[in-house]
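>>> coords please:
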Amino acid sequence: MDNEEEKEAEEAVRKEADRKMRAKRLEEKIDRNLEDSFPASDPPEWVLGVDRSA
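Model prediction:
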């Protein structure tokens, strides 16, 4: 592997790690909201859908 290929491979690994961390944080946020909404008298503050804020 030359230097450029190594950099690309490292970047791919970093991006995958970042993606997994974001997914974990999102899952934790959903879990917290579900816990806070128990016993389901109020819906969680998040809804499924597309984020159009960007």
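>>> can you pull out the low-pLDDT segments for the protein?
1, 38-50, 54 (pLDDT under 70).
>>> make it 50
Along the chain, no part satisfies pLDDT under 50.
>>> show me the helices in this structure, by range?
3-37 (DSSP state H).
>>> most distant residue from the centre of it?
Using Cα atoms, centre = their mean, the residue of the chain lying farthest from its centre is residue 2. It sits 32.3 Å away.
>>> can you tell me how far that one is from residue 36?
Distance of residue 2 to residue 36, given as Cβ to Cβ, to the nearest Å: 51 Å. Backbone N, C-alpha and C define where each C-beta goes, glycine included.
>>> next one: residue 3
Taken as Cβ to Cβ, the span from residue 3 to residue 36 is 49 Å.
>>> when those two are compared, which one has more neighbours?
For residue 3 versus residue 36, the count of surrounding residues by other Cβ atoms under 10 Å is larger for residue 36: 10 against 7.
>>> tell me how far residue 19 lies from residue 9.
Distance of residue 19 to residue 9, given as Cβ to Cβ: 16 Å.
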